[in-house]
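Enquirer: Make a model of this:
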Amino acid sequence: MTGTGMLALAAVLLALEVVPGTRRLGVPPVRLAAWGLAWIAAAWAATWPLATGPGWLGISPGGAALPLVAAAWWLARLPARERRRGLSGLALVAGLGYALMRVLPTSLPGWVSPAWAAGVITGVLASLIPLPAPGSLILATAGMVLGQGGLAAVLAVSLAGGGLPAAAAVPVHFTVAGGEAYDALAAAALTAGAMTILGGDLPPPGEEGDQEAGRP
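Expert: Okay, here's the model as predicted:
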């Protein structure tokens, strides 16, 4: 199943609230499901070419913009100390996403999808950074978009120079937040969400006291 299909299925399950623990995600399940479906629609609405040559470089403006807008809104609402941790985490996830998207295409056996592998690893890292929910979802998606943007910049420079280096471990056809890169985003989001449900994130602000009160 593609990343789009997996996200659509996850959105339906969230909307029906049939998965235990979805309240840990920090966003009401129905609202998160609506956001996920809107993200799918935005990602596939349009693709803009950025550079051509021996390869092709493009971007899905909707697929890239929504995670970045969500990250900016979330960071603006955090206290200063957590905002600094969030920015550091975002940079760390973006760096890992860039490295994985660059290296994995030539490092894995043919039956393993480099995009899905990169997304899963990135999602796990995002879930391990101690921030209030929905921190892991934000870091996984926005960080992966930024990492893909970094890879796009490398590709653009290579294409502008007349071609890609012979030994470069990068794809020659790449769309930021589109195609296989969108599968990586979907895998990162699904992994971070699953890890959060299993207990990866700190409780959302305002719920710490409720949880303490409910403990024996």
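Enquirer: Distance check, residue 6 against residue 191.
Expert: Using C-beta to C-beta, to the nearest Å, residue 6 is found at 11 Å from residue 191. Bear in mind the C-beta positions are built from the backbone N, C-alpha and C, glycine included.
Enquirer: Kindly report the same for residue 95.
Expert: Taking C-beta to C-beta, one finds residue 95 at 18 Å from residue 191.
Enquirer: who are the neighbours in contact with residue 151?
Expert: When contacts are counted by C-beta atoms under 8 Å, 6 or more residues apart in numbering, residue 151 touches 98, 101-102, 170, 174.
Enquirer: mind listing which of these are in strands?
Expert: Using DSSP state E, residue 174 are the members of these that sit in strands.
Enquirer: In the contacts of residue 151, which residue is surrounded by the most others?
Expert: Sorting the contacts of residue 151 by how many neighbours each has (other C-beta atoms under 10 Å) puts residue 101 first, at 28 neighbours.
Enquirer: Let me know whether that residue touches residue 180 as I believe.
Expert: No. Look at residue 101 against residue 180 with C-beta atoms under 8 Å: they stay out of range, at 9.3 Å.
Enquirer: sorry, back to before: which one among the contacts of residue 151 gets closest to residue 18?
Expert: Of all those, residue 18 sits closest to residue 101, with 32.9 Å by C-beta to C-beta.
Enquirer: Model confidence at that closest one, what's the number?
Expert: For residue 101, the pLDDT comes out at 92.
Enquirer: just residue 172 next, same as before
Expert: Residue-level pLDDT assigned to residue 172 equals 66.
Enquirer: cool, and residue 202?
Expert: Residue 202 is assigned 53 on the pLDDT scale.
Enquirer: Start the count at 48 instead of 1 going forward.
Expert: I'll keep to 48 as the first residue from here, and by that count the last item is residue 249.
Enquirer: circling back to that earlier point, overlap in contacts, residue 148 and residue 227.
Expert: Joint contacts of residue 148 and residue 227 (C-beta under 8 Å, 6+ apart) are 161-162.
Enquirer: Compute the distance between residue 220 and residue 53, please.
Expert: Residue 220 sits 22 Å away from residue 53, going by C-beta to C-beta.
Enquirer: Same question for residue 82.
Expert: 15 Å.
Enquirer: what does residue 163 give?
Expert: For residue 163, the distance to residue 53 - C-beta to C-beta - is 10 Å.
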